[in-house]
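Novice: give me a 3D structure for the following:
(chains A and B)
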There are 2 protein chains.
Amino acid sequence: MTDTLTKPARVAMNGVDVPTFVATLGAVDSQREIARFTFRANGEWLAGTHSRVQFKDFYGACAENEHKQSYAVEGDHPEVLCGTGNAPTPAELLLGALCACLTAGIGNIASMRQVQLESVECTVEGDIDLNGILGLDPQVRNGFQGVRVTVAIKGDADDETLEKIVRQSVARSAVFDVMTNGVPVAVAAKVG
Amino acid sequence: MTDTLTKPARVAMNGVDVPTFVATLGAVDSQREIARFTFRANGEWLAGTHSRVQFKDFYGACAENEHKQSYAVEGDHPEVLCGTGNAPTPAELLLGALCACLTAGIGNIASMRQVQLESVECTVEGDIDLNGILGLDPQVRNGFQGVRVTVAIKGDADDETLEKIVRQSVARSAVFDVMTNGVPVAVAAKVG
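Specialist: Prediction:
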């Protein structure tokens, strides 16, 4: 009887097709260029501080890809800052990107570890002193001074296992990495 | 005749109430705590890598504020990465936040400079090697390697003036600052 030493095959759970995910990891591992992606966002000014950003296509897995449909988000400044408040602020969208990234990571990691998730709630807060943006105080930065995230996670595992899933999602988050470590951003203006 | 030396009062344009904006700057300048804001994002796991993030309220101008309505965005991983592709990826949302931030800034700055905008299109691309996130190559970072922005701007001003508006929007962008310089992010896990 060696059955007790055999690791059971991991099964799909939490809406993640774990066997396919494992196979994908293997495929990428044997052909690393599959993992080179270019993501895109196309913004259009609507009026004042209000804009719409579309996400239509991206490059990845050695090919151009289209989303199922063209997704869009909008951004605006709040009325208290003389915007029209027709959408969340760009600063909130940034916090939202972090929220979505950590939550997606938790979904994948929990499933790979065969932990059934019950709920994940991710709360992000960022403090910003607009004296920077408004040009009123040169000592104040434009961006957030600090960001706090609280992840409330429930699932069929002990506290330590659940906490490790959260920690691993942070350790492997694209948005967390960019937000904490920065990235070079080149801006070109096309005028006229 | 000293009229030729008198600067004309700036008027509302591009959907920006410039006189109120100028008055707001004056008010903040005389009471700096007005400009201290805390923005929030509340994410909820739906399934797999799919989540919904809500933006309901924020602190600012010395008070709690509610958006006109609760806004939401969703994030998901694409099917090619074993997600369900039901929303843009978190990495795209990050690019979208930058797009919306620069565009909002251009709306305000052009209006303050009394330039009538015709159109602003902001294209953002970010290159990411998912061998980082997937844990296949420890040399590869999790986040974008680099981000490129192209802003196409048209308005009733000469090329130099339009280009300077774009440059100023970069110089005063909260999201650009965070993305290029980073921000401390503290993550707490609440388990069970």
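
Novice: helix, strand, or coil at residue A:11?
Specialist: Following DSSP: H, G, I helix; E, B strand; the rest coil, residue A:11 is assigned to coil.

Novice: if I pick it, what's in contact with it?
Specialist: Contacts for residue A:11 (C-beta atoms under 8 Å, 6 or more residues apart in numbering or on different chains) come out as A:18, A:19, A:114. Glycine gets a C-beta too; all of them are placed from N, C-alpha and C.

Novice: any idea which helix or strand carries the second one?
Specialist: Residue A:19 is located in helix A:18-30, with elements delineated by DSSP states H and E.

Novice: for that helix, C-alpha coordinates in CSV please.
Specialist: What follows is helix A:18-30, C-alpha atoms only, in CSV (Å, rounded to 0.1, in the frame of the first residue of the first chain):
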residue,chain,number,x,y,z
VAL,A,18,-7.0,24.2,-11.3
PRO,A,19,-5.9,21.3,-13.6
THR,A,20,-5.8,23.7,-16.6
PHE,A,21,-4.0,26.3,-14.5
VAL,A,22,-1.4,23.7,-13.6
ALA,A,23,-1.1,22.7,-17.3
THR,A,24,-0.7,26.4,-18.3
LEU,A,25,2.1,26.9,-15.8
GLY,A,26,3.8,23.9,-17.3
ALA,A,27,3.4,25.2,-20.8
VAL,A,28,4.7,28.7,-19.9
ASP,A,29,7.6,27.1,-18.1
SER,A,30,8.7,25.3,-21.3
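
Novice: which helix or which strand is home to the most centrally placed residue in chain A?
Specialist: For chain A, residue A:101 is the residue whose C-alpha lies nearest the centre (C-alpha atoms, centre = their mean; 2.5 Å). When secondary structure is defined by DSSP H and E, residue A:101 falls within helix A:90-112.

Novice: does chain B have contacts with the helix holding residue A:19?
Specialist: Yes. For helix A:18-30, a contact with chain B is found by C-beta under 8 Å from any C-beta of the partner chain, at A:20, A:21, A:24, A:25, A:28, A:29.

Novice: show me which of these are buried.
Specialist: A:21, A:24, A:25, A:28 (16 or more other C-beta atoms under 10 Å in any protein chain shown).

Novice: all helices for chain A, in order.
Specialist: A:18-30, A:90-112, A:159-171, A:174-181 (DSSP state H).

Novice: what helices or strands is the helix or strand of chain A with the lowest mean pLDDT leaning on?
Specialist: Using mean pLDDT, DSSP states H and E, helix A:18-30 stands out as the lowest-scoring helix or strand of chain A, at a mean of 94. With contacts taken as 3 or more C-beta pairs under 8 Å, 6 or more residues apart in numbering or on different chains; DSSP states H and E, helix A:18-30 sits against helix A:90-112.

Novice: distance of residue A:133 from residue B:44?
Specialist: To residue B:44, residue A:133 is 30 Å away according to C-beta to C-beta, to the nearest Å.

Novice: those two: which is more packed in?
Specialist: Taking neighbours as other C-beta atoms under 10 Å in any protein chain shown, residue A:133 and residue B:44 compare with residue A:133 leading, 24 against 16.

Novice: got the contact list for the more buried one?
Specialist: Contacts of residue A:133 (C-beta under 8 Å, 6+ apart): A:142, B:172, B:173, B:174.

Novice: what sits closest to residue A:176 if chain neighbours are left out?
Specialist: Spatial nearest neighbour of residue A:176, excluding adjacent residues (C-beta to C-beta, 6 or more residues apart in numbering or on different chains): residue A:170 at 5.6 Å.

Novice: I'd say that neighbour and residue A:179 touch.
Specialist: No. Residue A:170 lies out of contact with residue A:179 (C-beta atoms under 8 Å); the separation is 11.0 Å.

Novice: those two: who's more crowded?
Specialist: The residue with more neighbours, out of residue A:170 and residue A:179, is residue A:179; 28 against 21, by other C-beta under 10 Å.

Novice: contacts only, for residue A:103.
Specialist: So residue A:103 contacts A:120, A:122, A:169, B:43, B:44, B:45, B:49, B:51, B:75 (C-beta under 8 Å, 6+ apart).

Novice: 10 Å instead, please
Specialist: A:120-122, A:151, A:153, A:169, A:173, B:43-46, B:49-53, B:75-76, B:90 (C-beta atoms under 10 Å, 6 or more residues apart in numbering or on different chains).

Novice: from residue A:124, how far out is it?
Specialist: For residue A:103, the distance to residue A:124 - C-beta to C-beta - is 10 Å.
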